[in-house]
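Undergrad: Here is my input; please provide its structure:
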Amino acid sequence: MTIERGHLLTEQVNPKSANLDRLEISELVELFNQEDAYAVAAVGKENAHIAEAIGLIAQSMQQGGRLFYVGAGTSGRLGVLDAAECPPTFCTDPDLIQGIIAGGMPALVKSSEALEDREADGAEAIAQAMVTKNDVVFGITAGGTTPYVHGALKAAQDIGAKTIFFACVPTEQVPTNYDLEIRPLVGAEILAGSTRLKAGTATKLVLNTISTGVMVQLGKVFGNRMVDVAVTNSKLGDRATRIIMDLTELGRSESAKLLEKSGNRVKLALLMHWTGLDAKASERLLESHQGNLTQAMGKFASDSK
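TA: Prediction:
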C-alpha cells in the first residue's frame, strides 16, 4: 500500500521553479545557486545539534565505540562517501566509521530504491554489523520516513547504542524519539521531491562538519593540518612533506627525510623534530596521550623544565 507523503516539506512544489522547463540555461543556473544558499542557511540553524552530535560521537569513540551511517539512495551514498574518506584523511581504521546503505554496496552505483521500504532489512544490517551499546548509529533520511533507516535506528536503540536522526522535515511532520535530531529545513526542491538536491547538499555539509569535528576532538588535527594523513600516493606524500615544511621551516629535502624516518607518519615526524626524540620514544609519548600531538608536546615541555 502506498503511504501518502504529500504533506512532507521535502515533497512540496517550489513556486520559484514553476517554469523550470522554460528557463534559459543561465536563469536555471542562477536559480540553483540562489536555492543552494537556503541549504547552507538551514544547516546553520542546526549548529547546536551538530555540535552535540560531535561531542556524543567523540565521547563514544574515546570509549572504544564506532559510528555507523545508515541510509538509502542518496542519503545512503553520502553516508558511505563520508565514511570512506576518513581513513585516507585521518588514518583511521576503516571500521571506526562505516556506511550502511539499503541494498549494500551495489546500491552505490545502481539504484535499488525499493529496498528502502524494508524495515526488517535495516534491523538486520545492524545485527550484521555487530553494533554494540558503545556505538553510535546515525540514520539519514531526507524525508524522514524511510523504513530501512527507522528499522536500523530502532534496532540500535534495543541494543543500547546512541542514535542520531537526520531529516529535512519538521518534527511535527515526522516525530521520533531518538537520542538526537538534526533537521535542516531546506524547503521545497527546485525539482519537486528530488532530495538529491538541497537536502543532499545539506546532508553533505552536516556529515563533513561532524566527521571532521570528531577527528579534531580525537587529536587527529594539529592547527588546521591533517597530521594523521595516510601517505598512500604521490599527492598525499607531497601534502605530508609540505605540512612538515610549513610547521618546521625545514627545506623540502630535509622534510622528506624526516617523513621517511618516521615511517611516513606526519605527526610522529613533527614530534621527533620538536623534541629531538627518536621514532620509538616519540611513538611512546604519542601513545601515552592517545595520539594527541598538542598534549604530547605539552607533556614534553613540562618535563623539560
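Undergrad: Name the residues of the helix or strand of the chain with the lowest mean pLDDT that are buried.
TA: Ranked by mean pLDDT, DSSP states H and E, the weakest helix or strand in the chain is helix 293-304, scoring a mean of 89. Buried residues in helix 293-304, defined by neighbour count with 16 or more other CB atoms under 10 Å: Leu293, Ala296, Met297, Phe300. In this view, the C-beta of every residue, glycine as well, is placed from N, C-alpha and C.
Undergrad: next one: stretch 101-113
TA: Neighbour-count burial for stretch 101-113 flags Ile101, Ala102, Gly103, Ala107, Ser112 (criterion: 16+ other CB under 10 Å).
Undergrad: Neighbours of Asn177, how many?
TA: Asn177 has 10 neighbouring residues, counting by other CB atoms under 10 Å.
Undergrad: got any ranges where the stretch 201-305 of the chain has weak pLDDT?
TA: By pLDDT under 70, the stretch 201-305 of the chain contains no weakly predicted segment.
Undergrad: Let's see that with 80 instead.
TA: Scanning the stretch 201-305 of the chain for pLDDT under 80 picks out 305.
Undergrad: Of the buried residues of helix 293-304, just say which sits nearest to Pro15.
TA: Pro15 lies nearest to Leu293 out of these, by CB to CB, at 52.1 Å.
Undergrad: and the gap between the closest one and Leu78?
TA: Separation of Leu293 from Leu78 (CB to CB, to the nearest Å): 30 Å.
Undergrad: Mind jotting down where the strands sit in the protein?
TA: Ranges of strands within the chain are 67-71, 97-101, 136-140, 162-166, 180-182, based on DSSP state E.
Undergrad: wait, which of those strands is closest to Asp228?
TA: strand 97-101 (13.6 Å).
Undergrad: what angle sits between the closest one and strand 136-140?
TA: 40 degrees (axes from the mean of the first three to the mean of the last three CA atoms, to 10 degrees).
Undergrad: Sheet-wise, list the partners of strand 97-101 with their directions.
TA: Within its sheet, strand 97-101 is paired with strand 67-71 (parallel), according to DSSP bridges.
Undergrad: OK, contacts around Leu268?
TA: Ser262, Ala279, Ser282, Glu283, Leu286 (CB atoms under 8 Å, 6 or more residues apart in numbering).
Undergrad: my guess is the second one contacts Ser262, does it?
TA: Yes - proximity of Ala279 to Ser262 meets the contact threshold set by CB atoms under 8 Å, at 6.0 Å.
Undergrad: the more surrounded of these two?
TA: Ser262 (22 against 15).
Undergrad: State the distance from the more buried one to Ala142.
TA: Distance, Ser262 to Ala142, by CB to CB: 43 Å.
Undergrad: ok, what's across the strand from Phe165?
TA: Applying DSSP bridges, one finds that Phe165 bridges with Gly139, Glu181.
Undergrad: who's in contact with it?
TA: Gly139, Thr141, Gly144, Leu153, Thr176, Tyr178, Leu180, Glu181, Ile182.
Undergrad: Just put these in CSV and tack on distance to Ile164, pLDDT and neighbour count.
TA: What follows is the contacts of Phe165, written out as CSV (distance: CB to CB, whole Å; pLDDT from 0 to 100; neighbours: other CB atoms under 10 Å):
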residue, distance to Ile164, pLDDT, neighbour count
Gly139, 7, 98, 29
Thr141, 12, 97, 29
Gly144, 13, 94, 25
Leu153, 9, 98, 26
Thr176, 11, 96, 16
Tyr178, 7, 98, 18
Leu180, 5, 98, 17
Glu181, 8, 98, 20
Ile182, 7, 98, 23
